[in-house]
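>>> Sequence and predicted structure are below.
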Amino acid sequence: MADDDLADFEKTRFGATGDEFTVYRKGTGPAVIVIAEMPGITPEVAAFGRRVADIGCTAVLPSLFGTDGRDALPSAHGTIAAARTALGTMTSACISKEFTVLATGRSSPVVAWLRALARSEHDRCGGPGVGAIGMCFTGGFALSMAVDDRLLAPVLAQPGLPFAVTPGRARNIDISPADLQTVKQRCAAGLQVKGVRFSGDRMCPRSRFRFLRDQLGDAFLATEVPNSAANKNVPVPPHSPMTLHLVDEPGEPTREALDEVLAFFVDRLQVTPPD
């Protein structure tokens, strides 16, 4: 893909909890907060947002890091530029006070802003509640957001924090014990949490999904896609089934996983798909 100018999205700013970030919005219907993976709102993340709008939801893409619309692949700007973009964005996020990278048992501070955004979008868009999807670096954010009972459809796409540098960190996710307890209570009352990963993904290890099953029980709906199903034209190991490694053809396992996530939003948010 080339860079995406995001011209079909409405661009605004949203401030809460002492922070202000740019927000891109497209569509009508119940809101779905699409929290981008590293290195930001790439063309692939924007394309996912458009799919959310196509099912009858309002796609809401907060810009928390990176250059909005920039194609991160080496084929777009060259290998050196791609590496510089990835390293610069990751370094900036890792030292930011808004993100918890290595510590276990903590929810990232930016989650409070995301919860405020979700409440605002629910008031704006209506419907029974809000959906959210976090990807990789932000994967666990959707789980932490689910302490708010307006969040009805949380999706964890290849949640990558805390970095799985030890077995204890691998069998964990970036959420505080208090927030996790609230989510568990909500799950016991009917909330469901969707998770998606590649089966051999070391950045989102199998033990992290086992931990989520142990904590959430049958409320955790996991889809694990074989590594062999990843888009082979991407020069990084299988990691992002919704975006970078998607093979967007009927019958492909990544496309089936994408369709499952979209159907989850439709079901939980009681969406009437457009004609």
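All right, it came through fine.
>>> Output the top strand by length along the chain as CSV, nothing but the C-alphas.
Using DSSP state E, we find that the single longest strand of the chain is strand 19-27. Provided in CSV are the C-alpha atoms of strand 19-27 (Å, rounded to 0.1, in the frame of the first residue of the first chain):
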residue,chain,number,x,y,z
ASP,A,19,-4.4,14.7,27.6
GLU,A,20,-5.5,15.6,24.1
PHE,A,21,-5.1,13.4,21.0
THR,A,22,-6.3,13.6,17.3
VAL,A,23,-9.3,11.3,16.5
TYR,A,24,-10.4,10.1,13.1
ARG,A,25,-14.0,9.1,12.7
LYS,A,26,-16.0,7.4,9.8
GLY,A,27,-19.5,5.9,9.5
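>>> In terms of secondary structure, what does it contact?
Using 3 or more C-beta pairs under 8 Å, 6 or more residues apart in numbering; DSSP states H and E, the elements in contact with strand 19-27 are strand 10-16, helix 43-54, strand 58-63, helix 110-125. Heads up, the C-betas are built off the backbone N, CA and C, glycines and all.
>>> residue ranges for the strands of the chain, please.
So, for the chain - with DSSP E - the strands run 10-16, 19-27, 31-35, 58-63, 130-135, 151-157, 193-198, 220-225.
>>> Could you export the ones you listed to TSV, including columns for mean neighbour count and mean pLDDT?
TSV is the format used below for the strands of the chain (neighbours: other C-beta atoms under 10 Å; pLDDT from 0 to 100):
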stretch	mean neighbour count	mean pLDDT
strand 10-16	12	97
strand 19-27	18	96
strand 31-35	29	98
strand 58-63	24	98
strand 130-135	30	98
strand 151-157	27	98
strand 193-198	26	98
strand 220-225	18	98
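>>> who's in contact with the one residue sitting closest to the centre of the chain?
What sits nearest the mean C-alpha location of the chain, by C-alpha atoms, centre = their mean, is Gly134, with 1.7 Å. By C-beta atoms under 8 Å, 6 or more residues apart in numbering, the contact set of Gly134 is Ile35, Gly140, Phe141, Ala142, Leu143, Val155, Leu156, Ala157, Pro159.
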